[in-house]
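With the input below, show me the fold.
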Amino acid sequence: MNKQLRRLLYLSFILIFSVLAPIFIAYSLGYRYRFDTNMVEKNGAFYIKSYPGGADIYLDGQPSRHRTPDQITEIRPGSYLVTIIKEAFVPWQKKLKVLPGETTFIQDVVLFFSDIKKNSLGSGSTNYLVNRTKNQYAYVDNKSYQLFITDIEQDKNYQIYDFINNYQLLDWSPDNQKILLGLAGKYYIFDINQKNLQTLSLPIADKVSWDSKNSRILWLSTKQGLYTYDLEAAPAESLSEIKLNKKIYDFAVQDEYLIIEYSLGDKYFLEQLDKNDLQPLQTSENITPGKIHLLLADRQRFILTVGSILYIKTLEKEALTIPVTLADIHDDRLLISNGNEIILYNFKEDWQDLIDRSTQIVSDLLWHPNGSYFITEINSRTNLTEVDSRDKRNTINIIDNPLKKSYIFNKKGDKLFVLTPEENFYLTIQ
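Purely as a prediction, here's the structure:
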């Protein structure tokens, strides 16, 4: 081979290398030439995680040979029907896009049993009370007046005591050891461990509730004002007035904060105070009077409903008011309903998303513990619906029962406890 031919071959190799090397590098980085668009695009990926894991992943109806949790790479940009299937569970499905060079995350998929088992715990009631840590609830049988306590984490129901009257369950102590009862304007404390009933010497009160942290302290409002009652103090020293010089209409206590609703003339106000030194933190004016249902109180804000109005009051800002019939809170998000609509509202980032609009009345609304799903009851049907609004929201029906129902999830979220006037039971949904 002469020198000129060797030089020609050498230059040819350099030319071929300089052309092919970038192509191979681009290919290794995920770039592909699309003949349908005559464009070079970088492939994308799916990252898919489900609870429980080990579910098969299908793309456009074809098995991907991947199981959750997993990342599927080298996906051409475009829309794909993603289906997640696991035996004995309801399939999850959603049409999602993969963009060039990006990963589409599907991380909050919860798979629920296709055959949901019902486990009966006994008779039901309309007189019930959930404890502070939400791992137990007490109820009084409507006919026998027996007191029962359901342990949510142990899936057990215990008959605790035989009352001779139909005491109303009012509040549970912060240590979960005692229950405040009411009957005909009088108040009592039932000790769960000692199984005894103590009559309280309280003045006629509009409202009595336990302190949110101290089990020896009760708060009560009367026509004369707001008081605390020390259960361990001598009788002559047990009642102490909270000197606010205001006509109290209602109150609520959470952590270190006291929320009061009071009136001046014909106007009503909400005020947040530090319950220890009674220093005012913020006030909301011109509210519509009603009973307080407190959702959140911290150093920055309070969130509560008064009657049919939701108030979100943040320091140095005017209160945001929203007409509601139902409201539930999870982290920074609120689920609210005005009767026919369900709205997701993030109160820290100040954005909202219309979840559903129905001609039927929404009669109940509750977050699933994972914050990715929620329960609705509409026209006696109880559904579990996901929050993820991409494409469509996956929904499954879990109960179809006309009786009034109260719902409590266990901490893990795999069991839903349901109390109706006739029955106490739980559903294993995962």
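
Would you map out the domains in the protein?
Per automatic domain parsing, the structural domains of the chain span 3-34, 43-110.

Can you tell me which of those domains has the worst average pLDDT?
Mean pLDDT is lowest for domain 3-34 out of these, coming in at a mean of 54.

and the residue nearest the centre of the chain, what is it in contact with?
Centroid-nearest residue in the chain: residue 367, 3.0 Å away (criterion: CA atoms, centre = their mean). Residue 367 makes contact with 328-330, 335, 373-375, according to CB atoms under 8 Å, 6 or more residues apart in numbering. Yep, even glycine has a C-beta here, placed from its N, CA and C like the rest.

Just the buried residues of those residues.
328, 330, 335, 373-375 (16 or more other CB atoms under 10 Å).

Quickly name whichever of these is closest to residue 244.
residue 328 (30.4 Å; CB to CB).

And that closest one, how close does it get to residue 124?
22 Å (CB to CB, to the nearest Å).

how about the strands in the stretch 301-430 of the chain?
Ranges of strands within the stretch 301-430 of the chain are 301-306, 309-314, 320-323, 326-330, 333-337, 341-346, 351-357, 362-367, 373-378, 381-386, 395-400, 406-409, 415-419, 423-428, based on DSSP state E, counting those that start in this stretch.

again with the stretch 1-150 of the chain
31-34, 39-42, 44-51, 56-59, 62-67, 70-75, 78-85, 92-98, 103-110, 117-123, 128-130, 136-140, 146-151.

quick one, which of these is packed in tightest?
Comparing these by mean neighbour count (mean count of other CB atoms under 10 Å), strand 136-140 ranks first with a mean of 22.

so how far is that strand off the chain centroid?
In terms of CA atoms, centre = their mean, to the nearest Å, the centre of strand 136-140 is found 21 Å from the chain centre.

Around residue 203, how many other residues sit close by?
If you count neighbours by other CB atoms under 10 Å, residue 203 ends up with 11.

Relative to residue 134, how far out is the nearest residue to it once chain neighbours are set aside?
Leaving aside its chain neighbours, residue 203 sits nearest to residue 222 (5.4 Å; criterion: CB to CB, 6 or more residues apart in numbering). Distance, residue 222 to residue 134, using CB to CB: 30 Å.

Residue 304: which of the contacts of residue 367 is nearest?
residue 329 (10.2 Å).

Spit out the contact partners of the closest one.
295-296, 303, 335, 367.

what about residue 263, how many residues close to it?
Neighbours of residue 263 (other CB under 10 Å): 14.

Over to the one 10 residues further on?
Residue 273 has 20 neighbours, counted by other CB under 10 Å.

same deal with residue 401?
Look at residue 401: counted by other CB under 10 Å, it has 14 neighbours.

again with residue 384
Using other CB under 10 Å, residue 384 has 22 neighbouring residues.

May I have the beta-bridge partners of it?
Using DSSP bridges, the beta-bridge partners of residue 384 come out as residue 375, residue 396.

related to what we said a few turns ago, mind putting the strands of the stretch 1-150 of the chain in CSV, distance to residue 261 included?
Compiled in CSV, those are given as follows (distance: least, CB to CB, whole Å):
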stretch, distance to residue 261
strand 31-34, 63
strand 39-42, 58
strand 44-51, 41
strand 56-59, 53
strand 62-67, 54
strand 70-75, 52
strand 78-85, 48
strand 92-98, 44
strand 103-110, 38
strand 117-123, 37
strand 128-130, 23
strand 136-140, 27
strand 146-151, 32
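
quick one: the closest residue in space to residue 349 that isn't next to it in sequence from residue 109, how far?
Excluding the flanking residues, the one nearest residue 349 by CB to CB, 6+ apart is residue 332, at 7.1 Å. Note on residue 332: its distance to residue 109, by CB to CB, is 22 Å.

What of residue 208?
Going from residue 208 to residue 109 by CB to CB gives 45 Å.

need the contact list for residue 335.
Contacts of residue 335 (CB under 8 Å, 6+ apart): 326-329, 342-344, 355, 365-367, 374.

I meant residue 191, not that one.
So residue 191 contacts 177-178, 198 (CB under 8 Å, 6+ apart).

go again using 6 Å as the cut-off
residue 178 (CB atoms under 6 Å, 6 or more residues apart in numbering).

And for residue 158?
residue 149.

give me the beta-bridge partners of it?
For residue 158, the beta-bridge partners under DSSP bridges are residue 149.

picking up where we left off before, just give the closest residue to the residue nearest to the centre of the chain, not the sequence neighbours.
Once flanking residues are discounted, residue 367 sits nearest to residue 330: 4.2 Å by CB to CB, 6+ apart.

Model confidence at the one you found, what's the number?
At residue 330, pLDDT is 96.

does it really touch residue 372, like I thought?
No - if you go by CB atoms under 6 Å, residue 330 and residue 372 don't touch, sitting 9.6 Å apart.

Tell me both backbone torsions, phi and psi, for residue 237.
phi -120, psi 10 (degrees, to the nearest 10).

which ones are touching residue 195?
Residue 195 touches residue 161, counting by CB under 6 Å, 6+ apart.

I'd like the distance between it and residue 336.
41 Å.

next one: residue 316
Following CB to CB, the distance that separates residue 316 from residue 336 is 24 Å.

can you check residue 99 too?
Taking CB to CB as the measure, residue 99 falls 33 Å from residue 336.

Which one's more surrounded, those two?
residue 336 (23 against 13).

Run through the residues that contact the more buried one.
By CB under 6 Å, 6+ apart, the neighbours of residue 336 are 324, 327, 343.

Now tabulate those residues in a markdown table and tack on neighbour count and distance to residue 414.
Shown next, in a markdown table, are the contacts of residue 336 (neighbours: other CB atoms under 10 Å; distance: CB to CB, whole Å):
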| residue | neighbour count | distance to residue 414 |
| --- | --- | --- |
| 324 | 19 | 29 |
| 327 | 19 | 25 |
| 343 | 18 | 27 |
